[in-house]
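>>> Whatever this is, show me its structure:
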Amino acid sequence: MKKLIILIFSALFIEACTDENKTSTTTPATITKDVQSTESTAKPESTTAAWNGSDLSDATIKQVQEDKYIYTQCVYKEAQKQGYQKIDSRVATDAVIKQCESDLTKIRTTFINAGVPKIIADRYLRKTRIEVTRKILHSLMFAEAARKAGATQ
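Numbers count the residues shown, from 1 in each chain. Below you'll find the predicted structure:
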């Protein structure tokens, strides 16, 4: 029965894909005129030079990597403290991340000084914060489950 349903859906999908080209109400000449008129009227004007990720110097990249390493080490050292074992792992993760937020701002400062747009720097910081938060939450949840199961740490 499942194979029959999959076969029917596959046939309908293939039919829908081939119908797209046939059901167009405009002629090719009209489409070309529309494309030409759109191209002539809608040219984006760039008032500022676009930032290119390869514009970062090796020194800047190395500094960002060092700052990220310092941030990661801060988070891991903070998570090892005994006080976080007594509270819920989600609350502990939030507290750990807040304790090391100052180290994360050093990365932003490095990016801004290198001329990276703020939105890109903030996106990188958000990505880094989320990655580290997930790792710490995972490890704290594992440790909490191990404690509840009776394992010693």
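>>> So which bits of stretch 101-119 are buried?
By neighbour count on 16 or more other C-beta atoms under 10 Å, the buried set for stretch 101-119 is 103, 104, 106, 107, 108, 110, 111, 114, 116. C-betas here are computed from N, CA, C, even on glycine.
>>> now the last one: how far from residue 122?
When C-beta to C-beta, to the nearest Å is applied, the distance between residue 116 and residue 122 equals 10 Å.
>>> how about the helices in the protein?
Ranges of helices in the chain, per DSSP state H, are 2-22, 28-41, 58-79, 89-99, 101-113, 118-149.
>>> where are the low-confidence patches of the chain?
Across the chain, residues meeting the criterion (pLDDT under 70) sit at 1-54, 151-153.
>>> and which of the buried residues of stretch 101-119 is nearest to residue 94?
For the buried residues of stretch 101-119, the closest approach to residue 94 (C-beta to C-beta) belongs to residue 104, at 14.2 Å.
>>> and the closest residue to that closest one other than its chain neighbours, how many neighbours?
In space, and not counting its chain neighbours, residue 104 is closest to residue 71: 5.2 Å by C-beta to C-beta, 6 or more residues apart in numbering. A count of nearby residues for residue 71, using other C-beta atoms under 10 Å, gives 23.
>>> for residue 71, what are its contacts?
100, 103, 104, 106, 107, 128, 132 (C-beta atoms under 8 Å, 6 or more residues apart in numbering).
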